[in-house]
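1. model this:
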Amino acid sequence: MELYLNLKKMKYHQIDKDLFIKNRKKFASQMKPNGLAIFNSNDIYPVSADSTLPFAQHRDIFYLSGVDQEESILLIFPDAPYENQREILFLKETNEHIAVWEGEKLTKERAFEVSGINNVIWLQDFDKTLKELMSYADTMYINTNEHYRATIETETREARFIKKWKNDYPAHKVEKSNPILQRIRSVKESEELDLIQDSQRKLYGENLSFEGATQEEIEEASKPTIPEVVTRRQFKIALAVLGYNEENILNGINQLPEPNKTIARISYTESGTFERNSDDLNFVAKTFLSLTDEQIDEVFLTAITF
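-> All right, here's what the predicted structure looks like:
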């Protein structure tokens with residue numbers, strides 16, 4: 001899982017905004033002329049009428065801004081006519097009254113300290129601002145999940161926005177942000193390597209060193225340890241957060257012949273814990289959710305954060 005998302009779940013210390021400024025500059029440098037890119041935060045997922053899952057930020061907007069807050073939007077438009085239009089962060093409005101009733105949110109001042117973005121606008125002005133800027137833009141950069149193993153069935157906030165954006169501006173050309181993100185993520189900044197090394201020292205001890213290591217060796221050493229066991233509750237929450245539909249497992253089990261159906265149903269629905277190396281778990285995850293080993297690892301890594 002992406003470094004930034006891991007650090008977030010570990011309750012990371014504030015990352016220097018200069019790293020996010022560098023990341024945005026690298027991204028902007030590879031955009032086509034008059035290209036405008038937008039990145040959305042993740043949804044907050046409900047689990048009942050009055051409760052939700054803990055919020056987990058979309059790794060792309062975090063990579064580019066450091067903002068870890070729901071209902072946030074990042075706009076990057078390097079060729080905008082005015083400098084204050086080239087990077088804009090949209091946030092849900094907050095004040096002292098809202099902070100009391102809904103919890104603390106980023107102020108405009110604090111958002112600059114986190115992201116290095118000078119122009120922070122409240123979310124209610126997003127549509128008006130976008131309409132103005134789209135008159136100068138030729139190309140929309142949409143942020144879709146390009147992983148070839150992606151099997152996410154839940155329509156995300158990003159996906160809903162892309163659908164509306166393309167419908168509202170059908171004459172604009174469309175490019176994808178993901179190829180640029182993949183290229184710039186493949187080369188780590190010195191700050192990123194320091195963050196990786198610091199997090200690994202906390203896990204493996206102060207003597208850990210990456211001096212003289214290749215990029216591949218650093219990334220291999222930085223892979224998180226996969227938990228051997230998670231609770232049923234943790235597993236189910238992780239599936240929901242990652243957008244996997246548990247109903248596919250239950251429906252798939254019901255299609256099995258007897259006695260396999262009964263054995264699989266009892267093994268899955270009545271287990272209090274799930275083991276990563278369980279043959280039964282790997283069978284249902286791979287067969288009914290089409291997950292790879294790497295994706296199952298991601299489920300377990302996500303599960304232990306809840």
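
2. Return the distance of residue 42 relative to residue 236.
-> Using C-beta to C-beta, to the nearest Å, one gets 18 Å for the distance from residue 42 to residue 236. All C-beta atoms are positioned from the backbone trio N, CA, C, and that covers glycine.

3. Which of these two has more residues huddled nearby?
-> residue 42 (20 against 16; other C-beta atoms under 10 Å).

4. ok, now how distant is the residue nearest to the more buried one when sequence neighbours are not counted from residue 85?
-> Spatial nearest neighbour of residue 42, excluding adjacent residues (C-beta to C-beta, 6 or more residues apart in numbering): residue 58 at 4.5 Å. Distance from residue 58 to residue 85, counting by C-beta to C-beta: 23 Å.

5. more crowded one of these two?
-> For residue 58 versus residue 85, neighbours defined as other C-beta under 10 Å are more numerous around residue 58 (23 against 18).

6. Please name the residues that touch the more buried one.
-> Residues counted as contacts of residue 58 (C-beta atoms under 8 Å, 6 or more residues apart in numbering) are 39-42, 158.

7. could you redo the last one with a cut-off of 7 Å?
-> Contacts here follow C-beta atoms under 7 Å, 6 or more residues apart in numbering; on that basis residue 58 touches 40-42, 158.

8. Residue 284 too?
-> 249, 252-253, 264, 268.

9. One more pass at 10 Å, please.
-> When contacts are counted by C-beta atoms under 10 Å, 6 or more residues apart in numbering, residue 284 touches 248-250, 252-253, 256, 264-265, 267-268, 278, 291.

10. Which strand residues bridge residue 121?
-> residue 90 (DSSP bridges).

11. The spatially most central residue of the chain and residue 104: what is the separation?
-> Nearest residue to the geometric centre of the chain (C-alpha atoms, centre = their mean): residue 58, 2.5 Å. Applying C-beta to C-beta, the value for residue 58 to residue 104 is 20 Å.

12. Mean pLDDT per helix and strand in the protein: which one sits at the bottom?
-> Every helix and strand in the chain was compared by mean pLDDT, DSSP states H and E; the lowest is helix 3-9, with a mean of 41.
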